[in-house]
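>>> Sharing a model prediction with you, sequence too.
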Amino acid sequence: MKPSAESLASAAKQAGKKGLPPVHLWNPPFCGDLDMRIARDGTWFYLGTPIGRKELVKLFSSILRKDGDDYFLVTPVEKVGITVDDAPFVAVDFEADDGILTFETQVGDFVDAGPDHPIRVERDAATGEPSPYVHVRANLEALIDRKSFYRLVEIGETEAVDGVDWFGVRSGGTFFPIIPAAELV
């Protein structure tokens, strides 16, 4: 039987009754690719059409796994490849409280940035445009949306890292560099 969004959703419901399913423990056979894509803005598409049901997107996100550079939806009995344009999640907001930055993703996951959930920034070689990310779980990251990144910059600070002054943010006792301070001038 060829895998479908419906069969994956059914298996995910069964497996995820008590929190996130243990997809890292499952090793089912690869069943092929599914015409499913996560756009850079966090929109999930199936057969070229946006998935409008937030509960279904949240369910699929709970069985998402990244192996190497490839993304899969994994159940105990099947593993299908999907396309991810950038990061599978988008951090749509954050709260700063008592030295902790807590990010919320578009699917309702919350993650406290810190040593286990670092923030990193990649810069486009041609344009210099930053793409900030926060680690969510098991090789999966969230692209931090523009409004949240601007808010991070507002609370940023300068700190020396390996003899170089960096502008960045601090969370969970860890400093996360964003840009060399000399480039801010």
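Here it is on my side, so go on.

>>> In three-state terms, label Asp165 for me.
Under DSSP: H, G, I helix; E, B strand; the rest coil, Asp165 falls in the strand class.

>>> Can you report how many residues neighbour it?
When neighbours are counted by other CB atoms under 10 Å, Asp165 registers 13. C-beta coordinates here come from the backbone N, C-alpha and C atoms, glycine included.

>>> swap in the one 5 residues further on?
In terms of burial, Arg170 registers 19 neighbours under the definition other CB under 10 Å.

>>> host element of it?
strand 164-171 (DSSP states H and E).

>>> Please identify the buried residues of that strand?
For strand 164-171, a neighbour-count test (16 or more other CB atoms under 10 Å) marks Trp166, Phe167, Gly168, Val169, Arg170, Ser171 as buried.

>>> go on, stretch 54-69?
Neighbour-count burial for stretch 54-69, counted by 16+ other CB under 10 Å, picks out Leu56, Val57, Lys58, Leu59, Phe60, Ser61, Ser62, Ile63, Leu64, Arg65, Lys66.

>>> Just give the strands next to the first helix or strand past the strand holding Arg170 going along the chain in its sheet, each with its orientation.
Per DSSP H and E, the first helix or strand lying C-terminal to strand 164-171 is strand 174-180. Strand pairing for strand 174-180, determined by DSSP bridges: strand 164-171 (antiparallel).

>>> Sounds good, over and out.
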